[in-house]
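> Structure for this input, please:
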Amino acid sequence: MEDADNLRVELHELNFYVQRNIRYHMRRGAFFLRWGRFTAFIGIIFGSAAVTSLLAGASPYVTGAAALMVTAASAIDLVVGTGQRAWLHNDLRKRYLDIESEMFLDEPSSQAGKIRAYKSRIRRIEADEPPTLPALEILARNDVIRAMYPKEEADKSVSQLGWVKRATAQWFDWDTSSS
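Just a heads-up that it's a prediction; the model follows:
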């Protein structure tokens, strides 16, 4: 009986880990997709404004500011590589989803022998992952807790992050050791 309990706990922990990574990469991929769209929007709007102001004889300061905005947004997009990062995180999410779907399909009695294989596949995915952002990882963990447990239990287990860390979790590598 103890082996069955240990197996159940190990499978639950593994499922939780996979779920957290799915949500982490979903959040990260969506962030880069939105950022890429934002920089494209800036390029279109201010690029059009620069051309229009040149043609209309507007102040050189307005023209310069619009051109600077387009240049800065395009440079950030190019350096960060938002498109490539969005695809990377989407691919990583799909790889975790593959593991999750196999875990759902497998009979619980057959999973004891497959745990090592699942963990091996997870390690290969982790080798391809960029460094994680701890505050974003906590937000993804909180998402899983809220999805898997009843509200009363979830409310006791979620980690609290200040609004600044929540709002900037995609941007900064926050120290979350006290969270």
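> How about the contacts made by Gln111?
By Cβ atoms under 8 Å, 6 or more residues apart in numbering, the contact list for Gln111 reads Leu7, Leu11, Met103. Quick note: C-beta positions are derived from backbone N, CA and C, even for glycine.
> For Trp174, see how far away Ala167 is.
Relative to Trp174, Ala167 is positioned 11 Å away (Cβ to Cβ, to the nearest Å).
> Between the two, which is the more surrounded one?
Counted by other Cβ atoms under 10 Å, Ala167 and Trp174 do not tie: Trp174 has more neighbours, with 19 against 12.
> could you dump the contacts of Gln111 to CSV with pLDDT, secondary structure and neighbour count?
Output for the contacts of Gln111, formatted as CSV (pLDDT from 0 to 100; DSSP: H, G, I helix; E, B strand; the rest coil; neighbours: other Cβ atoms under 10 Å):
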residue, pLDDT, secondary structure, neighbour count
Leu7, 83, helix, 15
Leu11, 89, helix, 18
Met103, 88, helix, 17
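> nearest to Phe38, of the residues you listed?
Comparing the contacts of Gln111 against Phe38 with Cβ to Cβ places Met103 closest, at 36.3 Å.
> Please consider this matter closed, and thank you.
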